[in-house]
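# my questions are about this predicted structure, shown below with the sequence.
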Amino acid sequence: MESAENNARSLNFIETIIEEDLQNNKNNGKIHFRFPPEPNGYLHIGHAKSICLNFGLAEKYKGLCNLRFDDTNPAKEDVEYVDSIKEDIQWLGFQWNGEPLFTSNYFDQLYGWAMQLIKQGNAYVDEQPQEEISRQKGVPTRPGTESPYRNRPEEENLLLFEKMKNGEVADGAMVLRAKIDMSSPNMHMRDPIIYRVLHAEHHRTGNKWNIYPMYDFAHGQSDYIEGITHSLCTLEFEIHRPLYDWFLDQLAEAGRPRPRQIEFARLNLSYTVMSKRKLLEMVEKNLVSGWDDPRMPTISGLRRRGYTPESIRQFADRIGIAKRDNVIDVGLLEFSVREHLNKITPRVFGVLDPVKVIITNYPEDKVEMLELINNPEDETAGTRQVPFSRELYIERNDFMEDPPRKFFRLGPGREVRLKGAYFVKCEDYKKDENGNVTAIYCTYDPDTKSGSGSQRKVKGTLHWVSVQHAVNAEVRLYDRLFLDEDPAGHKDRDFKEFLNPDSLKILQNCKLEPSLKEIKHGDKFQFQRLGYFCVDKDSRSEYPIFNRTVPLRDSWKKM
RNA sequence: UGCCCGAUGGUGUAAUUGGCAACACGUCUGACUCUGAAUCAGAAGAGUCCAGGUUCGAACCCUGGUCGGGCAACCA
């Protein structure tokens, strides 16, 4: 593929750094990444970008990539999320190095390091109330003031920290702070809190701990413990980097690989929200059916919608890696699925909004089995037999009573090809009292059978399903969840105000060709002329249910 | 008002490190077509945020601005 060639030619800024490090034999040429999700929600397409980056770089440079759950806040985390995250990463086609790891594995080490900081005079226990501490922090433009406890003796710090650990201190009553610089222009360096008291049960360590480390005190050190060489994260952590480095300066030993934090811009997708908090809110308020609702930008949602891992990885590849803020057009994601599904998906006939066609000159009880190509993009996909008979369903919008000139479909007196079958010409049609077309009467031309070499040409080709052989099905059509390009970008309006009321349409009278009787959850098809569809997990054999992954490009609807 | 990032067609990402802006999506033509899909051929669209400077030569270097994003959770 040409994009791969381009990639070989030009590196993104992270690859440039890595290749420089390799050239300088930094860390003895060791390359080790990590993907560090907090298990407090499901992964979304933004995480997919990060997963593809970290695991992809590990593949490219023959390095390793750990999976490490950043589980330092038991109040928000849950094993349900741990499991879904593992599943999503593997579904995308990546495998982490060794066992999944947890920051909580390092709680003992982190505790030890905290004591070391105290002994080095780099940390102290503060027992002021939260409000006081935050007041003393000052504001970005003005320096903060030092805590009265800042210079308490080492023994006292050790003793109090011990009490915190032993559960003798109430939540919020004391914290351990790094002693850095209350007047730093970087707020994160103003004596950041590194341990807080939290009498909460942790999903892995149970009730062992009454104190938990903060992100800043845990992340860099965990990277260091695991021998991570390149610690990739999103831009909002840029300002944390001096602190990340500061802890390592205090604690790291010479001769061991020292991780370097590198920040890149997170993914933003038009017409969607991408924060776990907002996604969680939609789940909790039942605005969607769950984390895996096919309209959700979660990996599980995209999977259920019918996206393939390949298409998501291809998408991640296309959007690139840089440091500037970006908004990627959802159209690019859709392009990526279409591209892949076009190659792998069998073509079938499905009529979503059926209207009956009666071929008046075709024998009443005759049934012909016609051979149709499964996938013109894939010769190995073979053919299948599809029954043709006197009464067929076609798509309601493939017929117009008074069609414009450029309408290459059916209308009074117009002739079209029924794909894989014959030409039919509309001779008459019937309407009910409401003006709805109820039946279209056609004649067919027996000389135009597919493959017969007939020279006559016709402009349009329609898909169809034989009435007596049709399988009834439900089809769920999805549209973008939000009507606004940037639903979360409005200062005074809640993102939920922009929800698209028509993001889900359920069609329950769809007619499918009989080969679709034998299907299983997750199977993917192209419903010819309509789009790509997959079998939903709600589907039952008596009543199949399909999700429309994405419609085909349609240059007609634009006219 | 402090500090940290960033700025290249409509959207993203490049430009062999100073050699006269490329690729993808999208858009528009046309060809082909038993999917108005796919495929193929072609076109339009930025002179690189602005102003100076260095240089034979600047998207890349320097200076000063402008604009956008981020930072003041016992979240990550």
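In hand now; what should we look at? Numbering: from 1, shown residues only, chains lettered A, B, ... in the order given.

# which residues of the stretch 451-559 of chain A lie near RNA strand B?
For the stretch 451-559 of chain A, the residues in contact with RNA strand B (C-beta under 7 Å from any atom of the strand) are A:451-452, A:457, A:460-461, A:463, A:526, A:528-529, A:552-556, A:558-559. All C-beta atoms are positioned from the backbone trio N, CA, C, and that covers glycine.

# buried among those? Need that as a selection in ChimeraX.
Of those, the buried ones can be selected in ChimeraX as follows, counting by 16 or more other C-beta atoms under 10 Å:
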select /A:461,463,526,528,529
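
# next step: the residues of the stretch 451-559 of chain A next to RNA strand B restricted to strands.
Counted as lying in strands by DSSP state E, out of those, are A:T461, A:Q526.

# between the residues of the stretch 451-559 of chain A next to RNA strand B, which is nearest A:E146?
Set against A:E146, the nearest of these by C-beta to C-beta is A:R553 (63.5 Å).

# report the contact partners of that closest one.
Counting by C-beta atoms under 8 Å, 6 or more residues apart in numbering, A:R553 makes contact with A:R338.

# again, only using 10 Å
Counting by C-beta atoms under 10 Å, 6 or more residues apart in numbering, A:R553 touches A:E334, A:F335, A:R338, A:G531.

# isn't the third one up against A:E377?
No - distance between A:R338 and A:E377: 11.8 Å, which falls outside the contact criterion (C-beta atoms under 10 Å).

# burial check on the residue in the stretch 351-500 of chain A positioned nearest to RNA strand B, number of neighbours?
Distance from RNA strand B to each residue of the stretch 351-500 of chain A (C-beta to the nearest atom of the strand) is smallest for A:S450, at 2.1 Å. A:S450 has 16 neighbouring residues, counting by other C-beta atoms under 10 Å.

# check A:E379 too.
With other C-beta under 10 Å as criterion, A:E379 counts 9.

# got the phi/psi numbers for it?
phi -60, psi -30 (degrees, to the nearest 10).

# give me every residue that touches it.
With contacts defined as C-beta under 10 Å, 6+ apart, A:E379 is in contact with A:I373.

# would you map the helices across chain A?
Using DSSP state H, the helices of chain A run over A:2-9, A:13-23, A:45-60, A:79-91, A:107-119, A:130-136, A:154-165, A:215-226, A:241-251, A:276-284, A:299-305, A:309-319, A:330-344.

# any idea how far A:G29 is from the closest residue to A:G41 other than its chain neighbours?
With C-beta to C-beta, 6 or more residues apart in numbering as the criterion, A:G41 has its nearest non-adjacent residue at 3.8 Å, and that residue is A:K276. Using C-beta to C-beta, to the nearest Å, we find A:K276 at a distance of 36 Å from A:G29.

# give me the more crowded residue out of the two.
Neighbour count, other C-beta under 10 Å: between A:K276 and A:G29, A:K276 has more, with 20 against 14.

# A:E77 is in contact with the more buried one, correct?
No - assessed by C-beta under 10 Å, A:K276 is found out of contact with A:E77, at 11.8 Å.

# overlap of the contact sets of these two?
Joint contacts of A:K276 and A:E77 (C-beta under 10 Å, 6+ apart) are A:E38, A:N40, A:G41.

# how much space is there between the first one and RNA strand B?
Shown here: A:E38 relative to RNA strand B, a distance of 4 Å by C-beta to the nearest atom of the strand, to the nearest Å.

# for that residue, phi and psi?
Backbone torsions for A:E38, taken as degrees, to the nearest 10, come to phi -90, psi 130.

# so what's it closest to, chain neighbours aside?
A:D70 (4.6 Å).

# ok, that neighbour - contacts?
A:D70 makes contact with A:34, A:36-40, A:77, A:101-104, A:215, A:218-219, A:222 under the criterion C-beta under 10 Å, 6+ apart.

# switch the cut-off to 6 Å
A:P36, A:E38, A:T103 (C-beta atoms under 6 Å, 6 or more residues apart in numbering).

# any idea how many residues pack against the last one?
Right, A:T103. Number of residues near A:T103 (other C-beta under 10 Å) recorded here: 24.

# is it correct that it is in contact with A:S222?
Yes - counting by C-beta atoms under 6 Å, A:T103 touches A:S222, with 5.1 Å between them.

# out of the shared contacts of A:K276 and A:E77, which is most surrounded?
Result: A:G41 is most packed of the shared contacts of A:K276 and A:E77 (other C-beta under 10 Å), 23 neighbours.

# lowest-scoring secondary structure element of chain A by mean pLDDT?
Least confident helix or strand of chain A, by mean pLDDT, DSSP states H and E, is helix A:2-9 with a mean of 42.

# hmm, back to that, what's the most distant pair in the residues of the stretch 451-559 of chain A next to RNA strand B?
A:S452 and A:K558 (34.4 Å).

# show me where chain A dips below the pLDDT cut-off.
Scanning chain A for pLDDT under 70 picks out A:1-9, A:558-559.

# please redo it, this time with the cut-off set to 80
A:1-9, A:557-559 (pLDDT under 80).

# can you list the helices of chain A in TSV and add distance to A:Y422?
Putting the helices of chain A into TSV (distance: least, C-beta to C-beta, whole Å) gives the following:
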stretch	distance to A:Y422
helix A:2-9	41
helix A:13-23	57
helix A:45-60	45
helix A:79-91	44
helix A:107-119	73
helix A:130-136	78
helix A:154-165	82
helix A:215-226	67
helix A:241-251	69
helix A:276-284	49
helix A:299-305	36
helix A:309-319	36
helix A:330-344	27
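
# tell me the phi and psi of A:N210?
According to degrees, to the nearest 10, A:N210 has phi -110, psi 0.

# which non-adjacent residue is nearest it?
Spatial nearest neighbour of A:N210, chain neighbours left out: A:G167 (4.0 Å); criterion: C-beta to C-beta, 6+ apart.

# what does the stretch 1-150 of chain A put close to RNA strand B?
A:2-3, A:6, A:9-13, A:16, A:36, A:38, A:70, A:72-73, A:75-76, A:128-130, A:133-134, A:137-141.

# show me which of those are buried.
Those of these that meet the buried threshold are A:N12, A:P36, A:E38, A:D70, A:T72, A:N73, A:Q128, A:I133, A:K137, A:G138, by 16+ other C-beta under 10 Å.

# need the max-distance pair from these.
Longest span within these, C-beta to C-beta: A:N12 and A:Q128, 45.1 Å.

# what is the burial count for the closest residue to A:E310 other than its chain neighbours?
Spatial nearest neighbour of A:E310, excluding adjacent residues (C-beta to C-beta, 6+ apart): A:H340 at 5.1 Å. A:H340 has 21 neighbours, counted by other C-beta under 10 Å.

# so who does A:H340 touch?
Going by C-beta under 6 Å, 6+ apart, the list of residues near A:H340 reads A:T308, A:E310, A:S311.

# for it, give its distance to A:D378.
From A:H340 to A:D378 the distance is 12 Å (C-beta to C-beta).

# then A:T298?
The value you get for A:T298 to A:D378, if C-beta to C-beta is used, is 30 Å.

# of the two, which one has the most company?
A direct count of neighbours by other C-beta under 10 Å for A:T298 and A:D378 places A:T298 higher, at 29 against 14.

# for that one, give me its contacts.
For A:T298, the contact set (C-beta under 6 Å, 6+ apart) comprises A:Y42, A:H44, A:W291.

# let's see that with 10 Å instead.
A:T298 makes contact with A:41-48, A:84, A:88, A:276, A:279, A:283, A:288, A:290-292, A:304-305, according to C-beta under 10 Å, 6+ apart.

# can you check A:R305 too?
Taking C-beta under 10 Å, 6+ apart as the criterion, A:R305 is in contact with A:292-298, A:337, A:476, A:478, A:532, A:534, A:536, A:547-550.

# tell me the phi and psi of A:H203?
Torsion angles at A:H203 (phi, psi; degrees, to the nearest 10) stand at phi -60, psi -10.

# how close does it get to A:T272?
Look at A:H203 and A:T272: by C-beta to C-beta, they are 29 Å apart.
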